[in-house]
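Enquirer: Take a look and give me a structure for this.
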Amino acid sequence: MDRKLIITAGLKNNIYLILEDGIPVELKLEDTELSKQAGSIYKGKIKSYSTAMEAFFVDIGEEKEAFLPLKDVCEEARDSLKVGSSVIAQVKRSPISTKGAKLSSKVSLPGKYLVLLPCNKGKVSISSKLEDTEERETLKESVLDFIKDYNPDNYGIIIRTSAKNAIAEDILSDFQFLKQLWSNILNDSKHKRAPSILYEEPFKAFSIIRDYGGEFKEIVSDKIQILKEIKGFLAKNFPKLNIKLTPYRKKKESLYFEYSIDKVVSKILSSHVYLRNGSYIVIEETEALVVIDVNSGSCHKQKNLEETAYRINIEAAREIVRQVRLRDLGGIIIIDFIDMMEQKHRDELIEFLRNEFKKDKRPVKIKGLTQLGLLELSRKKLEESVVKQLTESCLVCSGRGFYRSEEVFLFEMEKTLSKLKPFLRLKLIVPQKAQKSVRQLLEKLGLVNYVELSYNSKLQDKFEVEKLE
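Expert: Below you'll find the model as predicted:
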């Protein structure tokens, strides 16, 4: 697979676009002025404890207090934590909407081949991407044998997919690097006051490269400093890989437009995604879950309805996986595929989805079809989706995507004016577009001579009333 990473830098933000065989599959945003991204480690101060929620609320120096569930606190630290005490915790999910960051004191430090789990003593697990049972056991035994003499604290580890083809010396080096990193974090915590940050990566690029095991053919950026930082990171972590680092030098065309990132952003912001076979999918993101609907559209190629539904669903499934990655959708995801009667087709669709999601670096659990024929899955959520990061809630409709009809608007105005009677004079501020219908209403109510009209183009389904002397 030809995988390429495009990085375009701004004064305050960086945008990362991952292409696989020329097709956009992931887009990530980075606010270079914020340090609360997932993975950062803080020394926080406990402000309160909620018995009902079984969670601590922790000051980490950000606008909103972070949330630390009791179940995510290291066993040996649970009894010592209280209001006013400090705690070392890692951001597991960045702030979302009105919620602060979600923390865990069960820190995990990802490396090239391993993930170090300092609080999970003795725990050993292997990436779910490796499915062969015999291969998993062999790899597990080998890695434990490599590090046993260098792990007196019995730190837990997760063996990453990239360890499969690694030699013992490289895995051991990775383990020792992570162990030293944790030691440095602990030392820093002894000298810093809460709240303060103990660890963060300079660029999101590092975590992207590491998550993909360095499997990029080329990395292109319009900022030389970023490429220099990446070069140093690669030399230290992936010295054997030959990744081409390309500075973008065209002056007449921005990198942002050269790789059509503007068009990718526009498509991400659309709820409709049209497929080549004439069908389309609709993606709606709510506070609680993401709903995806598959529609046949103009696709009626097969005479057999069952076969047509199957073909549309397979094509839609491929695009859904890409859109989930591209939009970074997380949490509960419900997909309403076109109904299929044959169990064989249902099983094949679910298996196809499982295989497609193997390309995704986030953990995905496919629950299967519900009694209503809806496919349910969950994807680990680390931060706001790309759509949420790219947009702000509409001041008119409060993010609902619609506002009240003119009929409802006028009905409420009529009832409000009748409630204010008797009055001498009123000033009525209404939407610019509604001036004709408002005048007609005032004429019917016989209030034209008692109400002074004013217009505000920013109002859509609201009005304001002021009593005049």
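Enquirer: CA only for contacts and neighbour counts going forward, please
Expert: OK.
Enquirer: all helices for this structure, in order.
Expert: 133-147, 168-191, 204-211, 224-237, 255-258, 261-268, 305-327, 343-357, 386-390, 406-420, 435-445 (DSSP state H).
Enquirer: Figure out which of those helices is closest to residue 119.
Expert: helix 168-191 (10.8 Å; CA to CA).
Enquirer: And for the closest one, what's in contact with it?
Expert: 43, 88, 109-114, 116, 118, 143, 146-147, 150, 163, 198-199 (CA atoms under 8 Å, 6 or more residues apart in numbering).
Enquirer: That one: how far from the chain's middle?
Expert: Centroid displacement of helix 168-191 relative to its chain, using CA atoms, centre = their mean, to the nearest Å, is 28 Å.
Enquirer: any low-confidence regions in the stretch 251-400 of the chain?
Expert: 299-303 (pLDDT under 70).
Enquirer: could you measure residue 221 against residue 11, distance?
Expert: 14 Å (CA to CA, to the nearest Å).
Enquirer: Comparing those two, which shows the higher neighbour count?
Expert: residue 221 (20 against 8; other CA atoms under 10 Å).
Enquirer: ok so, going back, just the ones in strands from the contacts of helix 168-191, please.
Expert: 43, 88, 109-110, 114, 116, 198-199 (DSSP state E).
Enquirer: ok, now which ones touch the closest residue to residue 124 other than its chain neighbours?
Expert: Distances taken as CA to CA, 6 or more residues apart in numbering put residue 157 closest to residue 124, at 5.1 Å, once the chain neighbours are dropped. By CA under 8 Å, 6+ apart, the contact set of residue 157 is 114-117, 122-125.
Enquirer: Could you report the pLDDT at residue 157?
Expert: Listed pLDDT for residue 157 reads 95.
Enquirer: what comes up buried for stretch 276-285?
Expert: By neighbour count with 16 or more other CA atoms under 10 Å, stretch 276-285 contains the buried residues 277, 279-283, 285.
Enquirer: nope, stretch 304-316 is what I was after
Expert: For stretch 304-316, burial by neighbour count (16+ other CA under 10 Å) applies to 308-316.
Enquirer: Please work out which residues outside that stretch touch it.
Expert: Contacts for stretch 304-316 (CA under 8 Å, 6+ apart): 275, 277, 279-281, 294, 296, 299-302, 337-342, 345, 349, 352.
Enquirer: so who does residue 427 touch?
Expert: Residue 427 touches 451-454, 465-468, counting by CA under 8 Å, 6+ apart.
Enquirer: go with 6 Å
Expert: 451-453, 465-466 (CA atoms under 6 Å, 6 or more residues apart in numbering).
Enquirer: returning to what we had before: quick check: which of the helices of the chain is nearest to residue 64?
Expert: Closest approach to residue 64 among those is made by helix 386-390 (17.3 Å; CA to CA).
Enquirer: Any idea how far apart the tips of stretch 117-132 sit?
Expert: Stretch 117-132: ends 24 Å apart by CA to CA.
Enquirer: contacting residues around that stretch?
Expert: Outside stretch 117-132, the residues touching it (CA under 6 Å, 6+ apart) are 106, 108, 154-161.
Enquirer: so can I have CSV of the residues you listed showing distance to residue 372?
Expert: Putting the contacts of stretch 117-132 into CSV (distance: CA to CA, whole Å) gives the following:
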residue, distance to residue 372
106, 38
108, 39
154, 47
155, 45
156, 41
157, 40
158, 37
159, 38
160, 37
161, 36
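Enquirer: For residue 30, state which of those residues is nearest.
Expert: residue 108 (21.1 Å).
Enquirer: ok, now how distant is the residue nearest to the closest one when sequence neighbours are not counted from residue 280?
Expert: Among residues not flanking residue 108 along the chain, residue 117 sits closest, at 4.9 Å (CA to CA, 6+ apart). Per CA to CA, residue 117 is found 43 Å from residue 280.
Enquirer: and if you look at residue 174?
Expert: 45 Å.
Enquirer: same check, this time on residue 157
Expert: Taken as CA to CA, the span from residue 157 to residue 280 is 43 Å.
Enquirer: likewise residue 153?
Expert: 54 Å.
Enquirer: what's the answer for residue 192, then?
Expert: On the measure of CA to CA, residue 192 and residue 280 end up 54 Å apart.
Enquirer: if I pick residue 42, what's in contact with it?
Expert: 88-89, 196-198.
Enquirer: Closest to residue 33 out of the residues you listed?
Expert: Of the contacts of residue 42, the one sitting nearest to residue 33 (CA to CA) turns out to be residue 197, at 13.6 Å.
Enquirer: Tell me, how many residues neighbour that closest one?
Expert: 23.
Enquirer: For it, list each beta-bridge partner.
Expert: For residue 197, the beta-bridge partners are residue 42 (DSSP bridges).
Enquirer: How much space separates the residue nearest to residue 161 when sequence neighbours are not counted from residue 158?
Expert: Nearest in space to residue 161, with sequence neighbours left out and distances taken as CA to CA, 6+ apart, is residue 127 at 5.8 Å. Here the criterion is CA to CA. By it, residue 127 lies 7 Å from residue 158.
Enquirer: And residue 322, by the same measure?
Expert: Counting by CA to CA - residue 322 and residue 158 are separated by 27 Å.
Enquirer: So which of the buried residues of stretch 276-285 are in strands?
Expert: 280-283, 285.
Enquirer: of those residues, closest to residue 33?
Expert: Of those, the one sitting nearest to residue 33 (CA to CA) turns out to be residue 285, at 27.1 Å.
Enquirer: quick one, what contacts the closest one?
Expert: Residue 285 touches nothing, counting by CA under 6 Å, 6+ apart.
Enquirer: what pairs with the closest residue to residue 294 other than its chain neighbours across the strands?
Expert: Once flanking residues are discounted, residue 294 sits nearest to residue 281: 4.6 Å by CA to CA, 6+ apart. Beta bridges link residue 281 to residue 273, residue 294, judged by DSSP bridges.
Enquirer: how about residue 281, what does it touch?
Expert: Counted by CA under 6 Å, 6+ apart, residue 281 has contacts 272-273, 293-295.
Enquirer: That one and residue 19: what is the separation?
Expert: Per CA to CA, residue 281 is found 22 Å from residue 19.
Enquirer: Count the residues that sit near residue 252.
Expert: When neighbours are counted by other CA under 10 Å, residue 252 registers 7.
Enquirer: For residue 40, see how far away the residue nearest to residue 112 when sequence neighbours are not counted is.
Expert: The shortest distance from residue 112 to any non-neighbouring residue, by CA to CA, 6+ apart, is to residue 210 (5.9 Å). To residue 40, residue 210 is 16 Å away according to CA to CA.
Enquirer: returning to what we had before: out of the contacts of stretch 117-132, flag the one nearest to residue 246.
Expert: residue 161 (27.4 Å).
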